[in-house]
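In: 3D, please:
(one chain, ligands or ions: 1)
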Amino acid sequence: MSGILEHDTVELNDKDNSLRIIDQTLLPGRVEIVDLKTPEEIWDAIYRLRVRGAPAIGVAAAIGMYVISVGIAAGSVRTPVMDRRKGDLDGFYEEFRKQKDYLNSARPTAVNLSWALDRMDEVCVRAIAEAGEAGSGNAGLVLDALREEALRIRDADVSTCRDIGEHALTLIHPGDGVLTHCNAGQLATIKYGTATACMYLAHEKGYDLRIYCDETRPLLQGARLTSYELASAGMDVTLLCDNMAASLMKSGAINAVFVGADRIAANGDAANKIGTLGVATLARAFGIPFYVCAPLSTIDAATPDGDHIVIERRPDYEVTEMWYRERMAPEDVKVYNPAFDVTDHELITAIITERGVHRAPYDFRR
Ligand code: MRU
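Out: Purely as a prediction, here's the structure:
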């Protein structure tokens, strides 16, 4: 199987300052690499899940913000209200903030989006102040600083995921059966994934894991992405429909569940792909440990619990027709299509970050 493993999920195309992604809406049928330059293209790629998964969205937003900033400095990105009479860097920052808010509106639940944009904002403010002190109104120094920060966020994702994997590896044994939901894999990050990092590391060590992945209705991230990337890496993967998890667990085939997260509240409640709550509830019923793997950047200390997490609602057509040859529901049927659900911290055995294996009551600083 040839595939995605030889490409980066998200990168900066230095040749023409564009955001380069694998278009995940076309997988597994076609591996197409696309370069994005305008704010609209980048926003749309995040909204339509051409690039997706909380950490990858964060990296795409950071590189995207750099790409957009190059356009702002060159005058090609400009909202009509931008006042060009202001000092160069004041005008630049005003536009930067507008574009940052615009990108941030693409998807509400994955906290890595605002986390990465805030980091870019802080660097921008600092670099503008430094340029001011140096008596320079030139955006060049600011762009350099933004580029460096975007690449730092991207590079850190690789080591963070590897560390998550090392910690999670302590929770599995050779020959185990593990279940995952959605795609918290390489395609949702830069390399390794979060929930899948321990699977890649176990594979390297010859653990012979049996990996099961839920297809993940309605957008089929498990079928289209997770089973594809893990099979491409030579792992033993079995795909199941979401409603088959209960019978699989009852059969004794599953020793542990590993999933990712889009936002983890301070008390450990974790938002992840719709259906995760069902898997966690089943795992509890069958006495199977349920682990959430995520970088510290996914922990939102400002959100006290899951009730305060905004859940993205997606369009009806994703349920009624998107992946079917023909529409599979009456034209006027009402559709319930939340993109995520929240798993109560009491259903979570442990949360694994780059810092280690955390158990309730959660204090992610330790
Ligand atoms: O809607 P998606 O495909 O972006 O949802 C992705 C998930 O829910 C992942 O499990 C989560 O972002 C963690 S990715 C490491």
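In: alpha carbons only for contacts and neighbour counts from here, please
Out: Fine.
In: now the strands for this structure?
Out: Assigned by DSSP state E, the strands in the chain fall at 10-13, 18-22, 33-36, 177-180, 210-214, 237-240, 256-259, 263-265, 270-273, 290-293, 299-300, 340-343, 350-353, 356-358.
In: redo those strands as JSON lines? Include mean pLDDT and distance to the ligand.
Out: Converted to JSON lines, these look like this (pLDDT from 0 to 100; distance: least, CA to the nearest ligand atom, whole Å):
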{"stretch": "strand 10-13", "mean pLDDT": "97", "distance to the ligand": "13"}
{"stretch": "strand 18-22", "mean pLDDT": "98", "distance to the ligand": "14"}
{"stretch": "strand 33-36", "mean pLDDT": "97", "distance to the ligand": "18"}
{"stretch": "strand 177-180", "mean pLDDT": "98", "distance to the ligand": "9"}
{"stretch": "strand 210-214", "mean pLDDT": "98", "distance to the ligand": "12"}
{"stretch": "strand 237-240", "mean pLDDT": "98", "distance to the ligand": "16"}
{"stretch": "strand 256-259", "mean pLDDT": "98", "distance to the ligand": "6"}
{"stretch": "strand 263-265", "mean pLDDT": "98", "distance to the ligand": "8"}
{"stretch": "strand 270-273", "mean pLDDT": "98", "distance to the ligand": "4"}
{"stretch": "strand 290-293", "mean pLDDT": "98", "distance to the ligand": "8"}
{"stretch": "strand 299-300", "mean pLDDT": "97", "distance to the ligand": "12"}
{"stretch": "strand 340-343", "mean pLDDT": "98", "distance to the ligand": "7"}
{"stretch": "strand 350-353", "mean pLDDT": "98", "distance to the ligand": "11"}
{"stretch": "strand 356-358", "mean pLDDT": "97", "distance to the ligand": "16"}
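In: if I pick Leu187, what's in contact with it?
Out: If a contact means CA atoms under 8 Å, 6 or more residues apart in numbering, then Leu187 has 9, 24, 52-53, 56, 193, 225, 229 as its contacts.
In: one more time with 6 Å
Out: Thr9 (CA atoms under 6 Å, 6 or more residues apart in numbering).
In: show the pLDDT at it.
Out: What the model reports as pLDDT for Leu187 is 98.
In: what residue ranges in the chain score low on pLDDT?
Out: 1-4, 79-87 (pLDDT under 70).
In: which parts of it sit against the ligand?
Out: The chain comes close to the ligand at residues 52-55, 182-185, 188-189, 193-194, 260-262, 272-273, as judged by CA under 6 Å from any ligand atom.
In: using JSON lines, please lay out the strands of the chain together with mean neighbour count.
Out: Formatted as JSON lines, the strands of the chain follow (neighbours: other CA atoms under 10 Å):
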{"stretch": "strand 10-13", "mean neighbour count": "22"}
{"stretch": "strand 18-22", "mean neighbour count": "23"}
{"stretch": "strand 33-36", "mean neighbour count": "17"}
{"stretch": "strand 177-180", "mean neighbour count": "24"}
{"stretch": "strand 210-214", "mean neighbour count": "24"}
{"stretch": "strand 237-240", "mean neighbour count": "18"}
{"stretch": "strand 256-259", "mean neighbour count": "23"}
{"stretch": "strand 263-265", "mean neighbour count": "27"}
{"stretch": "strand 270-273", "mean neighbour count": "28"}
{"stretch": "strand 290-293", "mean neighbour count": "25"}
{"stretch": "strand 299-300", "mean neighbour count": "22"}
{"stretch": "strand 340-343", "mean neighbour count": "24"}
{"stretch": "strand 350-353", "mean neighbour count": "26"}
{"stretch": "strand 356-358", "mean neighbour count": "18"}
